[in-house]
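[1] I'd like to go over a predicted model; first the sequence, then the structure.
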Amino acid sequence: MSKALAAWLVAAALLSLPFVQTAIGAPTRAPKMRCTPRILHPGDTLKIAFPFPHGDYFDIHGPARSYFWLGEGGGGKPIIPIEALLKMKSIALNISHARGLVFIRRHQVVSMFDVPTGSYAEPARIFVKQGRYTLTVGINFETEAPYIEGSCTVRFEKK
């Protein structure tokens, strides 16, 4: 199992708990991260209020195991420059144009669960498939000690 996969599985497990596990092992309540509106349609603007301060990882988990990096950890130049992300208290994303980094191999998007050698990161539209999207901010998502500082979930529906 790759380190990236292991880190993602830990992060996904932590998101399902009412608390997060800190890097030193003490459970703590995750600060609220607010996403409005909760139900999105094409053309909407998603407003995200981050817990502050927060880390340099900002990821979105979508339907069908899709995974998008907007901050650190995507294997390429971040969509949001790290210095800017660290200063952000909020951000607004136009749903029709929001992009995140995905892994590409042989001209096909590959799941972050199966990142093969020779893949690279490339920007792609995030809100394409209907379903649930979980947004997460924190630090060290690709390590054995990820720290989730906040998360929220929205649903994308085509009209």
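    Yep, that arrived.

[2] residue 94 pairs with what?
    Beta-bridge pairing of residue 94 under DSSP bridges involves residue 45.

[3] contacts only, for it.
    With contact set as CB atoms under 8 Å, 6 or more residues apart in numbering, residue 94 has these partners: 43, 44, 45. (Glycine included, C-beta is placed from N, CA and C.)

[4] what's near enough to touch the second one?
    If I follow you right, that is residue 44. So residue 44 contacts 37, 94, 95 (CB under 8 Å, 6+ apart).

[5] what about the closest residue to residue 99 other than its chain neighbours, neighbour count?
    Nearest residue to residue 99, sequence neighbours excluded (CB to CB, 6 or more residues apart in numbering): residue 123, at 4.4 Å. One way to gauge burial is a neighbour count; for residue 123, by other CB atoms under 10 Å, it gives 16.

[6] for residue 95, phi and psi?
    Backbone torsions for residue 95, taken as degrees, to the nearest 10, come to phi -60, psi -30.

[7] how much space between it and residue 134?
    In this view, residue 95 and residue 134 are 15 Å apart by CB to CB, to the nearest Å.
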